[in-house]
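Undergrad: 3D, please:
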Amino acid sequence: QAQLVESGGGLVQAGDSLRLSCAASGIPFSRYTMAWFRQAPGKEREFVAGVTWSGDSTNYVDSVKGRFTISRDIAKNTVYLQMNSLKPEDTAVYYCAARPGAVVPTGWAVYGYWGQGTQVTVSS
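TA: Below you'll find the predicted structure:
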């Protein structure tokens, strides 16, 4: 049974950093594209960052480029999202997602596996 479990969220101040983790089980992690999405209250789910199974290609939404970094550890079946210089507008529930393949699509509907989400709150 496939399972994605996020951790690392919390309440921080603007300018602080957080690292989110997503531990995967039950899927051939090394052959899956992994991504992070976020959803703020009253807003649609938004693609944040993604990485291919090989790790050689990443994709980021413009608003986080230069501040967030996605990475993966194949040995640990874990994907990370390092978030620096956090802003209040980064406040959202962050979800880990997975799909088979070697590209990083930004549409949430094509990802078949999801975690339960972790709350990130950035105060001003």
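
Undergrad: Can you tell me the element the residue nearest the centre of the chain falls in?
TA: Centroid-nearest residue in the chain: W36, 2.2 Å away (criterion: Cα atoms, centre = their mean). In the assignment (DSSP states H and E), W36 maps to strand 32-39.

Undergrad: Equivalent analysis for G50, please.
TA: strand 46-51.

Undergrad: Contacts only, for the residue lying closest to R99 once chain neighbours are set aside.
TA: Using Cβ to Cβ, 6 or more residues apart in numbering and skipping the chain neighbours, the partner closest in space to R99 is Y111 (4.6 Å). For every residue, glycine as well, the C-beta is placed using N, CA and C. Residues in contact with Y111 (Cβ atoms under 8 Å, 6 or more residues apart in numbering) are A35, F37, A97, A98, R99, P105.

Undergrad: beta partners of the residue lying closest to the first one once chain neighbours are set aside?
TA: Read that as A35. Once flanking residues are discounted, A35 sits nearest to G50: 3.5 Å by Cβ to Cβ, 6+ apart. When assigned by DSSP bridges, G50 has beta-bridge partners A35, N59.
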